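*Asks:* build me a model:
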Amino acid sequence: AGRGSLLELNGNTITLRDPGTKDYPTFHSLFPPLATYFDILSAFAASSGNAAAVRQVSRGALRYLSQLEVFQDEFQWSAVLSYHMEFHHARLREMSRGDYSGWSEIDPSLQVRYLIGKERARMAS
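*Replies:* So this is what the prediction gives:
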């Protein structure tokens, strides 16, 4: 298990594993906790008194959620979820340095790594 690992309790056993489609089978299962995360992050940024950070978080959150929705329409969900987990981990590193600006950008290297070649099958019309 790696970045963003989850603790899972199964009987008397606790295991560490990577989150996946078992935890978030669709975009709509990820959206509510992610929206709550951004709400808490916005409140945290606001508590700093840094108006620029608040703007970066609120603007970035909307852009990021919109982009994830576009990605889930274009690519296989498991690939989008992998992109999200890595993207989120990168933002955590930036935010630990006080930089909240990364949420509104697409990461081209992660896009190539996780999404390109994982397009959803389209029905012919």
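
*Asks:* could you list every residue that touches residue 100?
*Replies:* Residue 100 makes contact with 41, 45, 53, 56-57, 60, 94, according to CB atoms under 8 Å, 6 or more residues apart in numbering. Using the backbone N, CA and C atoms, a C-beta is placed for each residue, glycine as well.

*Asks:* closest one of those residues to residue 123?
*Replies:* For the contacts of residue 100, the minimum distance to residue 123 (CB to CB) is 33.8 Å, reached by residue 60.

*Asks:* buried ones in the helix or strand hosting the closest one?
*Replies:* Here residue 60 sits within helix 51-74, counting by DSSP states H and E. Buried residues in helix 51-74, counting neighbours by 16 or more other CB atoms under 10 Å, are found at 53-54, 56-58, 60-61, 64-65, 67-68, 71-72.

*Asks:* export the residues you listed as TSV, with columns for pLDDT and distance to residue 120.
*Replies:* Formatted as TSV, those follow (pLDDT from 0 to 100; distance: CB to CB, whole Å):
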residue	pLDDT	distance to residue 120
53	90	35
54	92	35
56	93	31
57	94	30
58	93	30
60	95	26
61	96	25
64	97	20
65	96	19
67	97	16
68	96	14
71	97	10
72	96	9
